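Visitor: how does the following fold in three dimensions:
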Amino acid sequence: EVDEAIDLYDHSLELAPNNVRTLYAKAALLHEGFGQLEEASAILEIILKLDPTHPDALFQLGSLEEDKMNTDSVQKAKELYQKSLAVDPTHLPALVSLGDLFAEQ
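Guide: Numbers count the residues shown, from 1 in each chain. Next comes the predicted model:
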């Protein structure tokens with residue numbers, strides 16, 4: 001079923017390659033469903049070129065950075081979560097993730 005979802009997202013993107021909603025859904029699935037961090041990251045970067053203030057893409061990219069588990073990537077994750085919150089102060093996943101990172105220090 002997950003493979004079918006990717007196929008459907010790809011078909012949708014053939015019709016509308018700059019559809020941010022579809023790009024985000026595909027990136028989230030690649031990250032969370034398949035662990036394909038590099039491909040998910042590349043798609044999120046495309047989204048941020050189309051919409052630099054997309055709070056979900058900023059959050060998801062932060063989550064990808066956090067998954068790398070090194071000092072530089074954790075700092076970058078914090079910055080991305082903060083950018084997401086600057087756009088949407090009620091973005092609960094960014095609030096929780098940022099709080100978790102600060103609690104771990």
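
Visitor: middle-most residue in this structure, spatially?
Guide: The centre of the chain sits closest to Gln60, judged by C-alpha atoms, centre = their mean, with a distance of 2.1 Å.

Visitor: so what's it up against?
Guide: Tyr24, Ala27, Ala28, His31, Ala40, Leu44 (C-beta atoms under 8 Å, 6 or more residues apart in numbering). Backbone N, C-alpha and C define where each C-beta goes, glycine included.

Visitor: can I get those residues in JSON lines including pLDDT, secondary structure and distance to Ile6?
Guide: Output for the contacts of Gln60, formatted as JSON lines (pLDDT from 0 to 100; DSSP: H, G, I helix; E, B strand; the rest coil; distance: C-beta to C-beta, whole Å):
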{"residue": "Tyr24", "pLDDT": "96", "secondary structure": "helix", "distance to Ile6": "14"}
{"residue": "Ala27", "pLDDT": "96", "secondary structure": "helix", "distance to Ile6": "11"}
{"residue": "Ala28", "pLDDT": "93", "secondary structure": "helix", "distance to Ile6": "11"}
{"residue": "His31", "pLDDT": "90", "secondary structure": "helix", "distance to Ile6": "12"}
{"residue": "Ala40", "pLDDT": "95", "secondary structure": "helix", "distance to Ile6": "12"}
{"residue": "Leu44", "pLDDT": "97", "secondary structure": "helix", "distance to Ile6": "16"}
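
Visitor: between these, which is closest to Glu4?
Guide: Glu4 lies nearest to Ala28 out of those, by C-beta to C-beta, at 15.9 Å.

Visitor: the closest one: neighbouring residues, count only.
Guide: Neighbour count of Ala28, defined by other C-beta atoms under 10 Å: 18.

Visitor: what's the closest non-adjacent residue to it?
Guide: Once flanking residues are discounted, Ala28 sits nearest to Gln60: 6.1 Å by C-beta to C-beta, 6 or more residues apart in numbering.
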